[in-house]
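J.: here is my input; please provide its structure:
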Amino acid sequence: YQPWLRIQDVPSQGLSTRIKGWKTGRCHHFLSKLECRYFYILEWSSIVSDIREQYPLELSETIEIAERLGIKHPTDPRTRQPIVMTTDFINTVNRQGKLIDRARAIKYSRDLSSDRTPEKLEIERVYWTEREIDWGVVTEHEMEPVLAANVSWVHAYREATALSPLTDKIIRRIETVLTPRVNKQQSPLRDLTDVCDDQLGLSPGASLSVVRHLIANKRWQVDMKRPLNTAQPLAFLTAATCGKKVSKK
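T.: Sure, this is the predicted structure:
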């Protein structure tokens, strides 16, 4: 899949972002910080299997819908010709063993009070309703900013290649050293990782990178809805031993 709109196709004010996805393995293009925040939440979700951003709608159909609704169809400001509309996200989710698509428009709540935005959203709504695809609008109020921020912090470290030149053997060694120390929940995380770096003769920050890798791969189970702060102790949801969960006694 290739998005209809990419960040180089639209004017940028520093809000556009490209990120390689965990689920798709491809580069995703986001046109706002809010879209990026929503993407991180989708990446962490266990029920989402595919993410397609800037999804194009059939031009002939959106023109027909706009005419039917008495709404002006979006046009190119230079040519005045109708342009292809897009839906911000089409997500494939697993619902009780069945894969279904959901269409989502991502908007700041302040934009919904304008005259034009609701009109364009209505064209989208009708388009997807007639295809029997669940459609909805997601604003900043429906997102969990802490979860998104935490996923953002670990996202680039999911693949072991991001930890180069650390070898798999060193990564496992760091995990073995840090897991019992983090279990004690007594010292700030950055203090534990600094000591681990010194103990193993590693470059500063190496052990913290492995921590992000372990969290990204859910080998360390932590509450992602609470801020991950390296100046504070890191708390596991359950006691951990080298990436394997065991029940607390």
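J.: and the contacts of stretch 28-42?
T.: The list of residues contacting stretch 28-42 from outside it, by Cβ atoms under 8 Å, 6 or more residues apart in numbering, reads 3, 5-7, 10, 15-21, 23, 48, 51, 53-54, 88-89, 91, 104, 106-108, 138, 140, 143-145, 147-149, 151-152, 155. The C-beta positions use only the backbone N, C-alpha and C, and glycine is treated the same way.
J.: before we move on, what about stretch 132-151?
T.: 34, 37-38, 40-41, 43-44, 87, 100-109, 112, 121, 124-125, 128-129, 224-228.
J.: now Pro233: closest residue in space, sequence neighbours ignored.
T.: Of all residues not flanking Pro233 in the chain, Gln185 sits nearest, at 4.6 Å (Cβ to Cβ, 6 or more residues apart in numbering).
J.: can you report how many residues lie near the one you found?
T.: 12 (other Cβ atoms under 10 Å).
J.: and the most centrally placed residue in the chain, which of the three is it?
T.: Nearest residue to the geometric centre of the chain (Cα atoms, centre = their mean): Tyr40, 1.4 Å. Using DSSP: H, G, I helix; E, B strand; the rest coil, the structure places Tyr40 in helix.
J.: show the pLDDT at it.
T.: Tyr40 carries a pLDDT value of 98.
J.: grab the nearest non-local neighbour of it.
T.: Nearest one to Tyr40, counting by Cβ to Cβ, 6+ apart, is Val151 at 4.0 Å.
J.: what is the longest helix of this structure by residue count?
T.: Using DSSP state H to define each element, the chain has its longest helix at helix 168-184.
J.: quick one: average confidence on it?
T.: Averaged across helix 168-184, pLDDT comes to 96.
J.: give the buried residues for the helix or strand just after that helix.
T.: Moving toward the C-terminus from helix 168-184, the next helix or strand (DSSP states H and E) is helix 189-200. Residues Leu189, Arg190, Leu192, Thr193, Asp194, Cys196, Asp197 are the ones in helix 189-200 that count as buried (16 or more other Cβ atoms under 10 Å).
J.: good, we can wrap up now.
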